[in-house]
Every structure is written in structure tokens, then in C-alpha cells.
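In: Everything below, folded, please.
(one chain, ligands or ions: 1)
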Amino acid sequence: MSRYTSPTWYKDAVFYQIYVRAFKDGSGDGHGDFKGLLSKLDYLQQLGVDCVWIMPMYPSPLVDDGYDVADYRNIIEDYGTLEDFKAVVDGLHQRGMKVIVDIVVNHTSDQNAWFIESRSSKQSPWRDWYVWSETDQKYRDARIIFLDTLSSNWSFDPSSGEYYWHRFYNQQPDLNYDNPEVQQEMLDIIDFWMERGIDGFRVDAVPYLFEREGTNCENLPETHAYVRRMRAHVEAKWPGRILLAEANQWPEDVRAYFGDPGAEEFHMAFHFPLMPRLFLALKQQSRKSIVDIMQRTPVIPPRAQWCIFLRNHDELTLEMVTEEERQFMWEEYAPEPRMRLNLGIRRRLAPLLDNDARRIRLLNALLFTLPGSPIIYYGDEIGMGDNIWLDDRNGVRTPMQWDFSPHGGFSEADALYAPAINDEIYGYQHINVVQQQANPESLWYTIRHMLSVRRNYRAFGRGTFEFALPENDALLGYWRALDPDDDAGGEPERFLVLVNLTDSEQTSGLDLSAFAGIAPVDVLTGQPWSQIDAQPYTFSLPPYGYYWLRLR
Ligand code: GLC
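Out: Presented below is the predicted three-dimensional model:
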């Protein structure tokens, strides 16, 4: 069975996250759209990604950039039509790629017809689709997520004289999952898009579906029960298609979202706590925080898979670190107040790492070898910059930089939805796809190379994970190994990944007596290392060096 047709294809896949508005303008109105995206599918294929994640594409007043859905069964006009969407889905499939889309299950836009009906009167048959209350004093143990803008999760609706509940902006009322009609409607919407050929969903804001007094209203048993129903529905009607959970929680709480064989929940879930620790480890010049969080990460069921990432369309969230670590991260990575947002940092990968090619490559080398399926955020493969002066999280959602022409070749229009980055370091005149594709030493080529090497093996997506820790804690090492299984066959795979988290050369050793006689080969360069005999086996890594060693 091929990577593409396997029922667990998502375990071998590399994902690529696309904000359609920012990717390519095909209609000339200054907004990216599906026609534009269609013209760039060859680019995605060249890069070597396996599955695209499309952020919300539904009609929306865009208070939260489309995470406020006004109509779940259509495409926002700026992006084109359902036919344009279908053309992208088909085009991806023809090129051997899959596609998942965002589904926003917890809340809608206040412009959604359901909410307009619901707020029209207390007697409305839609009243119970949302969470209404006479007071704003219920569920006081639920935290506020958009801390910089909101002071309550309740908003008063003057027309019907009650408060409604919302975990995000007040224009994003929460649906009431105690209502069986709401539960059924979301399953019908899932079918609507599955019928259009998609391969699954990234399910937005999962932990908050139900509310119960005396709890923090996250991860409630009722929420898990509904997710199991959703999974059973998908499994029965759409086998081979996936559900990916966005649950920004500690590993043990996310573990529950995979469910267990026979009572499964999500196929995949993001590993939120790992992400900030990759950045922490670089500044602390120590592997400690990575080791701690991986040791705190429970084993997951055989069909489950983590999704790992460095950056995405939101602020770099610091919800899943200690208060002390958060202060450290803010001081080190967000020295200017404007760089901070809510409990996070609104910056892109390259600027976070001072545009240091060594550190950018190093974090990518980790992204593609740590356990789970990696996700690349659009533009990070060329090291795009950000614009912290744009509102909210818009500074990390600027136009993709394709070439040297005006607006980086993103659009022919004069005015764009947001200006292309235009500064001396990250401006499209300096950083763009054409420039990087002309230079074999570029970040783009490095990432493409890592993906093409990764594709030759299954251990990185499916293998076991075990630390191999040299005494020197500036060095991180781990084993990824896979024995051949019945359907795939082939040789056993065993890799030792070694990285140097510091800006100076580091030397250390490991007891590799179990592998005496073998000469490890760095699969990224094809270079053999010296044969393993005397113990410990010693090695030196250059500043921010990384090796993917195969022991065979
Ligand atoms: C998720 C999205 C974020 C959005 C929020 C509310 O966290 O990633 O962009 O604002 O959900 O839908």
C-alpha cells in the first residue's frame, strides 16, 4: 500500500498550512483566492508536501479572519466559488497530495442566520442553539482566551435582554452542544464537505464545546462523548479521512482526545506544549525542556498521531509553559511590547531566530524528525518576515512572497488585503521563492531536501522514539526506529538524530556498544561516520549542527 492510499496515510504525511487570502491572488482584487492557489499547486508538489491544510474558507464578516463562520455550506466570495474550491481539491489529488480544511465547531459568527434567528426573541425556535443566560455570572471558572481584548465570556444582547456565551470575540457566540439539533447539524456539515472530496478536517477550538458550572469548561466528559460520536460518524461514512484536533492543552489532557481503540476520538492532535520548548531549548542552550515535555508525553494508540509545528497563523502561544518560562520567552523572543499578544508572541519563525540560517535549519531538522507529522506554515519555507504593527495576528498573515515584482508577485492589484513585507531584511525584494529556487544553498532547498530524505523512510512518521542523551546537555539525541511490518515489508530502520543547541562546537559521546562494527551514515549528506568500536563513541557537532544518522 502506498503512502497515499494507506488508511493511516496521515502518519507519513508532511502538512502545509495555507491561508488562502495570503497565498496567491488569481482575480486581481488584492485578496488571495482559490484560482490563485490552483496556479501554485505545482509549487507545493515541488516542495514535497503531502497534505495541505486550508484555513477557514467560509462566508464570514472576518472579525476573526474566517474563524467566525456566517454560512457553513459555502465559500467566501473573495475566495471564489464551490467550483473553484473543487478544482483545488481535484488538482491536489491529481498531484498526489491530500487536503484538509478547518471546521469551526465551537462557535459561529454573530452574522450566521442561526444566531440572527436565535437572538430575535426568547421564543425563537433557534434560541436554544446558543448559550443564553439572564446573568453574566455563570461559568466563572472559565478563563478568558483573548485576554488583550475581552474582559468577560458573556455579552449582553439588548434586543432579547439576555447574555450569550462566547469563548472568543463577542461576535463569535458559542453553539449550545446540549442541543441535539446542533450536534446533528455539525455532522451534516462534515458530510457536506466530505462529499466535496476533502480528506478531513482540522477541528477548531475543541475543548470548549460544553459548559458546566463548577468546572473550567474545558475537556468535559460531554465534549469527549460528542467527539467520539463525530469520529464514529466519520469512520462509518468516510473511512480513511481524518480529524485533527486543535486542543491547546497539556499532553495528558490531549491524550484523552485520541480516545482508545473501540472508543476513538481524533486521528491527530497538535502537540502544543512541545512547540515553545523548542525555542526555549535554543535560548537556554540546553535540551532540558524538550526532554521534560517528551517524558511527560503519554503513549498514544496505534492509529493516533501527533501533529508537530514551529509556527502557525496565531501568536506563538505560551499557554502551555510555566509562568517563569513564559517571562523568559517574552524577554528573549519578544523584547518589544508590540511583539506580545494575549499569552503569546506575534512573530514568524525567521525573525524569532534573528534570521540566523543555522538556527532556522536546526529547528526544521527537529520538526521533521521528532515523533509526529510535521506542519509547515506557509512562507516559513523561505524564511518570511512579519509585521508586528498590523492588528491582532495579521502580522504573520502577510502575502506570500513569490518573486521580485511589486507586492512580491502575490497580486496585480494596487491595494492588497494587507501590505507585503517590504523591509530591508525580509522584504519581498530580498526574500522570495524565485530567488531561493535559484540558489541551491537556500532555506527552500534545504527544506525540500529534508523532506525528500524523510520521504525515503517510515521511521520518522511511524517509528518508536527514545532519547539517547550524551552527558553534555547542550546536545540532544534521540532514536527513531521502525521494524518492517506485514504490509510494508523492507529493512528495519534505525536513526540516531543528534543536534547541537548552542552556538559553539560541542563534543560528547554515547555508549553505542550494541552497534559495534557499524559505521553510521548521515542520510542528509550521505557522509559516513567512523566505525563504532571503542566506547563511548565520541563525536563533535559544529554550532547548531544537526545529523540524521542511519545505523544499519
Ligand atoms: C483557533 C484558531 C484561531 C481562532 C480561534 C477561534 O484557536 O487557531 O485563529 O481565533 O480558534 O476560532
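In: Quick check, Val131 in contact with Val182.
Out: No - Val131 lies out of contact with Val182 (Cβ atoms under 8 Å); the separation is 10.4 Å. Where C-beta positions appear, they are placed from N, C-alpha and C, glycine not excepted.
In: Between those two, tell me which one has more neighbours.
Out: Val131 (24 against 18; other Cβ atoms under 10 Å).
In: What residues does this protein have near the ligand?
Out: Proximity of the chain to the ligand, by Cβ under 6 Å from any ligand atom, involves residues Asp64, Tyr67, Val104, Phe168, Asp204, Ala205, Glu246, His313, Asp314.
In: neighbours of the closest residue to the ligand within the stretch 401-550 of the chain, just the number please.
Out: Scanning the stretch 401-550 of the chain for proximity to the ligand using Cβ to the nearest ligand atom identifies Ala418 as nearest, at 15.6 Å. Residues lying near Ala418 (other Cβ under 10 Å) number 17.
In: isn't it right next to Arg397, touching?
Out: Yes - if you go by Cβ under 8 Å, Ala418 and Arg397 touch, sitting 6.8 Å apart.
In: Which neighbours do Val131 and Val182 have in common?
Out: Leu175, Asn176 (Cβ atoms under 8 Å, 6 or more residues apart in numbering).
In: For the ligand, what is the nearest residue in the stretch 301-450 of the chain?
Out: Asp314 (4.9 Å).
In: Pro273 is in contact with Gln295, isn't it?
Out: No - here Pro273 lies out of contact with Gln295, judged by Cβ under 8 Å, at a distance of 11.8 Å.
In: Which of those two has more residues huddled nearby?
Out: Counting neighbours by other Cβ under 10 Å for Pro273 and for Gln295 shows that Pro273 has the greater number, 23 against 9.
In: which ones are touching the more buried one?
Out: Neighbours of Pro273 in contact, by Cβ under 8 Å, 6+ apart: Trp250, Pro251, Ile293, Arg296, Met320, Val321.
In: Let me know the pLDDT of it.
Out: Looking at Pro273, its pLDDT is 98.
In: a helix runs through Val99, doesn't it?
Out: No - looking at Val99 with DSSP: H, G, I helix; E, B strand; the rest coil, it is strand, so not inside a helix.
In: mind listing the helices for the stretch 51-200 of the chain?
Out: 82-94, 113-120, 180-194 (DSSP state H, counting those that start in this stretch).
In: Distance to Arg287 and mean pLDDT for these - can I get that in a markdown table?
Out: Listed next are the helices of the stretch 51-200 of the chain as a markdown table, based on distance: least, Cβ to Cβ, whole Å; pLDDT from 0 to 100:
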| stretch | distance to Arg287 | mean pLDDT |
| --- | --- | --- |
| helix 82-94 | 37 | 98 |
| helix 113-120 | 48 | 98 |
| helix 180-194 | 41 | 98 |
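In: returning to what we had before: quick check: neighbours shared by Ala418 and Arg397?
Out: Counting by Cβ under 8 Å, 6+ apart, the residues touching both Ala418 and Arg397 are Ala22.
In: Point me to the residue of this protein nearest the ligand.
Out: Counting by Cβ to the nearest ligand atom, the chain gets nearest to the ligand through Tyr67 (3.3 Å).
In: how about stretch 495-509: buried residues?
Out: Neighbour-count burial for stretch 495-509, counted by 16 or more other Cβ atoms under 10 Å, picks out Phe495, Leu496, Val497, Leu498, Val499, Asn500, Leu501, Thr502, Gln506, Ser508.
In: Tell me the one among the residues you listed nearest to Asn216.
Out: Leu501 (34.6 Å; Cβ to Cβ).
In: The closest one contacts Lys283, correct?
Out: No - contact between Leu501 and Lys283 fails when scored by Cβ under 8 Å: they sit 9.2 Å apart.
In: show me where pLDDT drops low in this structure?
Out: Along the chain, the parts satisfying pLDDT under 70 run over 486-489.
In: which helix of it spans the most residues?
Out: Counting residues, the longest helix in the chain under DSSP state H turns out to be helix 221-237.
In: Next up, the contacts around Gln305.
Out: Thr8, Tyr10, Lys11, His267, Met268, Gly372, Ser373, Gly461.
In: And the strands in the stretch 51-200 of the chain?
Out: Assigned by DSSP state E, counting those that start in this stretch, the strands in the stretch 51-200 of the chain fall at 51-54, 98-104, 132-133, 154-157, 162-165, 200-204.
In: Can you give the distance of the last one from its chain's centre?
Out: So that's strand 200-204. How far strand 200-204 lies from its chain's middle: 11 Å, per Cα atoms, centre = their mean, to the nearest Å.
In: mind listing what it pairs with, with the direction of each?
Out: Counting by DSSP bridges, the strands paired with strand 200-204 are strand 98-104 (parallel), strand 242-245 (parallel).
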